[in-house]
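Engineer: output the structure for:
(chains A and B)
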Amino acid sequence: METAALLVVLVIALALFFDFTNGFHDTANAMATPIATGALKPKVAVLLAAVLNLAGAFLSTEVAQTISGGIIHESQINDEVFPAVIFAGLIGAITWNMLTWLLGLPSSSSHALFGGLIGATLVGVGAAAIDFSVVVSKVILPAIIAPLTAGLIAFTATKLAYVLTRRYDSKPDGRDGFRWGQIFTSSLVALAHGTNDAQKTMGIITLLLITVGYQTSPEPELWVVFACAITIALGTYMGGWRIIRTLGKGLTEVKPAQGFSAEASTASTILASSALGFALSTTQVASGSVIGSGLGRRGSKVRWRTVGRIGVGWLLTLPAAGAVGALAAGVVVVMDNIGLAWLGILIDAIIAVIIIVILFMRSRRDEVTAANAMSEVADSGMAVKVKKNPGPTRRQRALQREQARRDKEAMK
Amino acid sequence: MSITIDWLAFVQVFVAAMISSVLVVAFYSIGLRLLVRAGRAPVVAPADFTDAIAVISDKERARAAKAAAKAAKKSPLTDGQKRFALIGAYASFAVCALAVLGGLLLIIFNH
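Structural biologist: Residues are numbered from 1 along each chain as shown, chains lettered A, B, ... in the order given. Next up, the predicted model:
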């Protein structure tokens, strides 16, 4: 009994650690632009992101319930094996996250988490324990559809923002004001991040508590909500300092009007998805928005090679994290079969500690560059090539023709 | 084992997200445009951190402010029209804020 309780505590600790790294990693997504534009002071921006992540975690628990009450058939699992399986899944997720981070591959911590959990369950319990219709409709399909729709929305919004502020008389167009607007849209992105990403850890911990018979409803306990919200906020705050140190290096050029539209699209897509319980990757949605908004500018072209690289990284995450999770669960299952279940868990735990130590050492090493600490969202801006001086719009061409005609008449 | 997918939910997310972001972006843009019309072109100071976005320099800012002042001088709008535009601008920003607030309330109370 003591070992079971110990395992529960261990899994909760590991889940919260995952939550922390998630916040740590994703601050850049929301707050890189307002810091860069000078709309917000770095300290204020990071603090704001942390507070809004905290608030977002309390907004809705739909996503947490998707994980705790949907993906796994509770009738198929029991409290003897499953805590170890969740443990193995978390190790799979964290390992994959660390690998992609070290190798600089685009990835999604959310999909790593789902991949690890599903992979571990497949090996540890069997395919019958997984509700594939929930997995497909609430995890896999949103993963494909959400970045596309976010891109489409960002494209429309960017076109709109430019058309509505375009002037033909070369008077100031006021587009500078979008920098102020970005304070609000970035804040909304941070809030949306809390409504989706903090929920994932809540869902995992709640699933664990249901398994061991501590609770029956898929609604997360209040202390779980608090713990996850505070952890992700803390991660966001700590992660911010890394980003601030890296700013000042050249990156993709995102105009304020474009950034504003992209962020509005990201925030609204994530918030709407969270409300319906879709667990999606905030990084992927934000990347989709940045690409879409780039295309919304005149004279832009897609760099398909970059898009392909990003896409492959995304597709790889779920199965790869699944494989690592399955491997970790396999250790537990094999050891359980020869009557040494605790040894399997111990092996996994040792691996986890090693990974966390490596991660920590790595983050302490002082080699923070734009390449390894800036967000993947900013990278995805590279996928669109925008001309410095795009050709005239239809109306500008008409005006030019009119001017030429008048000049000609004046000559006569 | 059959997989049932609620396609309607995807449409719902898309429509809700599209409407809300278009509302926010459109009204914010209109607000900015009216602000310019009212002779108050927004000029944002340059940042210490130059990254990700083309940040304007002091010189460019001064030039923009001058251009705005010149345009305002040339503008044939009467004071009344300007005041009207300014009210319109603030109203647009207010619509923007209300749209965001409404969306959040919808999420909080709708689950």
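Engineer: how about the helices in chain B?
Structural biologist: B:7-37, B:58-74, B:79-109 (DSSP state H).
Engineer: compare these and say which comes out lowest on pLDDT.
Structural biologist: Within these, confidence is poorest for helix B:58-74, with a mean of 72 (mean pLDDT).
Engineer: for it, C-alpha coordinates in CSV please.
Structural biologist: Taking Å, rounded to 0.1, in the frame of the first residue of the first chain, the C-alpha atoms of helix B:58-74 are listed here in CSV:
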residue,chain,number,x,y,z
ASP,B,58,13.8,58.1,-33.2
LYS,B,59,14.4,59.7,-36.6
GLU,B,60,11.6,57.8,-38.2
ARG,B,61,9.3,58.6,-35.4
ALA,B,62,10.0,62.3,-35.6
ARG,B,63,9.4,62.1,-39.4
ALA,B,64,6.1,60.2,-38.9
ALA,B,65,4.9,62.8,-36.2
LYS,B,66,5.8,65.6,-38.6
ALA,B,67,3.9,63.9,-41.5
ALA,B,68,0.9,63.4,-39.2
ALA,B,69,1.0,67.1,-38.1
LYS,B,70,1.3,68.2,-41.7
ALA,B,71,-1.5,66.0,-42.9
ALA,B,72,-3.7,67.2,-40.0
LYS,B,73,-3.0,70.8,-41.0
LYS,B,74,-3.9,70.1,-44.6
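Engineer: which secondary structure element of chain A has the lowest mean pLDDT?
Structural biologist: Ranking every helix and strand in chain A by mean pLDDT, DSSP states H and E puts helix A:370-373 at the bottom, with a mean of 44.
Engineer: any chance of the helices of chain B in TSV, plus distance to residue A:138 and mean neighbour count?
Structural biologist: For glycine as for every other residue, the C-beta is placed from the backbone atoms N, C-alpha and C. What follows is the helices of chain B, written out as TSV (distance: least, CB to CB, whole Å; neighbours: other CB atoms under 10 Å in any protein chain shown):
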stretch	distance to residue A:138	mean neighbour count
helix B:7-37	9	21
helix B:58-74	48	13
helix B:79-109	17	15
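Engineer: columns distance to residue A:205 on top of those, output as TSV?
Structural biologist: Shown next, in TSV, are the helices of chain B (distance: least, CB to CB, whole Å):
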stretch	distance to residue A:205
helix B:7-37	25
helix B:58-74	50
helix B:79-109	22
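Engineer: looking at those, which is closest to residue A:61?
Structural biologist: helix B:79-109 (11.1 Å; CB to CB).
Engineer: what ranges do the strands span in chain A?
Structural biologist: A:300-302, A:384-386 (DSSP state E).
Engineer: go through those strands and find the least confident stretch.
Structural biologist: The bottom spot among the strands of chain A, by mean pLDDT, belongs to strand A:384-386, with a mean of 69.
Engineer: my read: residue A:278 touches residue A:60, true?
Structural biologist: No: checked against CB atoms under 8 Å, the pair residue A:278 and residue A:60 is beyond contact range at 11.4 Å.
Engineer: report the distance from stretch A:218-232 to the chain centre.
Structural biologist: Centroid separation between stretch A:218-232 and its chain, computed with CA atoms, centre = their mean, to the nearest Å, is 19 Å.
Engineer: close to chain B, is it?
Structural biologist: No: using CB under 8 Å from any CB of the partner chain, we find that stretch A:218-232 stays clear of chain B, coming within 10.6 Å at best.
Engineer: report the buried residues of that stretch.
Structural biologist: Neighbour-count burial for stretch A:218-232, with 16 or more other CB atoms under 10 Å in any protein chain shown as criterion, is recorded at A:218, A:219, A:220, A:224, A:225, A:227, A:228, A:229, A:230, A:231, A:232.
Engineer: from those residues, which land in helices?
Structural biologist: A:224, A:225, A:227, A:228, A:229, A:230, A:231, A:232.
Engineer: in contact with the residue lying closest to residue A:68 once chain neighbours are set aside, which residues?
Structural biologist: Nearest non-adjacent residue to residue A:68, counting by CB to CB, 6 or more residues apart in numbering or on different chains: residue A:206, 3.7 Å away. Residues near residue A:206 by CB atoms under 8 Å, 6 or more residues apart in numbering or on different chains: A:64, A:67, A:68, A:215, A:218, A:219, A:220, A:221, A:224.
Engineer: same check on residue B:85?
Structural biologist: So residue B:85 contacts B:34, B:35, B:37, B:38, B:77 (CB under 8 Å, 6+ apart).
Engineer: now the residue nearest to residue A:318 when sequence neighbours are not counted: how far from residue B:69?
Structural biologist: Distances taken as CB to CB, 6+ apart place residue A:115 nearest to residue A:318, at 4.2 Å, with adjacent residues excluded. For residue A:115, the distance to residue B:69 equals 58 Å [CB to CB, to the nearest Å].
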